[in-house]
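J.: have a look at this prediction, sequence included:
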Amino acid sequence: MRIEVVPLGPGFFAEVRGAGLTEVVASDDAYARVREAFEEHSVLLFRDQPVTDELQAAYSRRFGPLETAKAASLGEGTPYSILTNIDRVTGGLVPPGHKEELRAKANQLWHTDSCFKIPPALASVLSARVVPPSGGETEFASTRLAWDRLAPSLRARLEHAVAWHDYAHSRGKIARELASDREKSTMPPVSWRMRWRNPANARDSLYIASHTYAIDGMPDEAAQALIDELTAAATAPGHTWQHRWRAGDVIMWDNRAVLHRGRPWPSDKPRHMVRTTITATDADGLADMWPQARAAAVAR
Ligand code: OGA
Ligand code: MN
């Protein structure tokens, strides 16, 4: 097997050729090579994959334990988060203003997946099952490269800072009651350090998202302004990469090291995507992310 890793994006995002999901499931060598590419490039694209739910889950499990889809989402309780505007019962498209359409809008805010969960996510694997003829792209930005671009004084300040994340916060930017009471009660706010260090290569990333609403020790307004500024800098023109999907594409991204967002598409066109999400473990640098780890670091 000759696996090629072809960089496509501005310092991150690469296409893997010569091996796909099946080979990673079957071969330890293929897994090791793809894992290495994942740690290095943060986003990996596989084209023309014979995707099934089972293959996608088996591939994803290579990298760690899988999350179950969150409360009140399509796929709740299974490993599959379903992002679709196709009504499961009628097979038609959901009407304008439907919850799934509002959710798609919320996904169009720059974010990282599951920073509002304990534990948060290492990676997401998204497969394109039905793709609209135009729009519906997904964009990525490296928070690792963004970290490196920060002024050293700001980096020093953020290194031990702790930020708060809440699913209801990002949903509230789209519609006031988009997050239901059940979503709120099953996903209360959580806090993590704002710098995630990858133990595989000692590279640091900025850990923020549309879900981030506060920073310990800062007035809320100043914190929100800083979060917005950091997001804008991370996703500034020239630093993002947009992927135009084809059915059969699979993209895996590192939630520690990139932000992503969906792009709009015509509401009369179907789009159906399936995501599996891999939970972060201490081996992925999570041990250092707890707020207590910050308290210990500051005390040292
Ligand atoms: C996701 C996500 C965006 C998109 O699957 O986590 O944010 O373009 N997707 O579907
Ligand atoms: Mn997402």
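T.: Arrived safely. Ligands and ions are numbered 1, 2, ... in the order given.

J.: next, residue 213: secondary structure please.
T.: Classification of residue 213 using DSSP: H, G, I helix; E, B strand; the rest coil returns strand.

J.: for ligand 1, what's its nearest residue on this structure.
T.: Distance from ligand 1 to each residue of the chain (CB to the nearest ligand atom) is smallest for residue 262, at 2.8 Å. Every C-beta, even on glycine, is put in place using the N, C-alpha and C of the backbone.

J.: contacting residues around the closest residue to that residue other than its chain neighbours?
T.: The shortest distance from residue 262 to any residue other than its chain neighbours is 4.3 Å, reached at residue 107 (CB to CB, 6 or more residues apart in numbering). With CB atoms under 8 Å, 6 or more residues apart in numbering as the criterion, the residues that contact residue 107 are 83, 261-262.

J.: pLDDT score assigned to residue 107?
T.: Looking at residue 107, its pLDDT is 96.

J.: what does the stretch 1-150 of the chain put close to ligand 1?
T.: For the stretch 1-150 of the chain, the residues found near ligand 1 under the criterion CB under 6 Å from any ligand atom are 83, 107, 113, 124, 126, 138.

J.: bridging residues for the fourth one?
T.: When you say that, I think you mean residue 124. residue 253, residue 277 (DSSP bridges).

J.: once you drop chain neighbours, what's closest to residue 267?
T.: Residue 267's closest residue in space is residue 96 (CB to CB, 6+ apart), at 6.0 Å.

J.: quick check: which element contains the closest residue to residue 62 other than its chain neighbours?
T.: The spatial neighbour of residue 62 that comes closest, neighbours along the chain excluded (CB to CB, 6+ apart), is residue 31 at 5.1 Å. Following DSSP states H and E, one finds residue 31 within helix 28-41.

J.: any buried residues in stretch 273-289, and which?
T.: Residues of stretch 273-289 classed as buried by neighbour count (16 or more other CB atoms under 10 Å): 273-280, 284-286, 288-289.

J.: what's the closest of these to residue 149?
T.: Set against residue 149, the nearest of the buried residues of stretch 273-289 by CB to CB is residue 285 (20.6 Å).

J.: so what's residue 100 up against?
T.: Taking CB under 8 Å, 6+ apart as the definition, contacts of residue 100 comprise 74, 84-85, 94.

J.: how about residue 87?
T.: When contacts are counted by CB under 8 Å, 6+ apart, residue 87 touches 93-94.

J.: again, only this time at 6 Å
T.: residue 94 (CB atoms under 6 Å, 6 or more residues apart in numbering).

J.: swap in residue 171?
T.: For residue 171, the contacting residues are 106, 178-179, taking CB under 6 Å, 6+ apart as the criterion.

J.: which stretch of helix or strand covers it?
T.: Counting by DSSP H and E, the secondary-structure element that holds residue 171 is helix 167-172.

J.: is that helix in proximity to ligand 1?
T.: No. If you take CB under 6 Å from any ligand atom as the test, helix 167-172 misses ligand 1, and the best it gets is 10.8 Å.

J.: just the buried positions in that helix, please.
T.: Neighbour-count burial for helix 167-172 flags 167-171 (criterion: 16+ other CB under 10 Å).

J.: measure stretch 155-170 end to end?
T.: According to CA to CA, to the nearest Å, stretch 155-170 extends 25 Å from its N-terminal end residue to its C-terminal end residue.

J.: cool, and stretch 108-116?
T.: Across stretch 108-116, first to last residue, CA to CA, it's 17 Å.

J.: repeat that for stretch 172-190.
T.: One end of stretch 172-190 sits 17 Å from the other (CA to CA).

J.: centre of the chain to it, how far?
T.: Put simply, stretch 172-190 sits 18 Å off its chain's centre (CA atoms, centre = their mean, to the nearest Å).

J.: next one: stretch 292-300
T.: With CA atoms, centre = their mean, you get 27 Å for stretch 292-300.

J.: what's that stretch in contact with?
T.: Outside stretch 292-300, the residues touching it (CB under 6 Å, 6+ apart) are 160, 162, 193.
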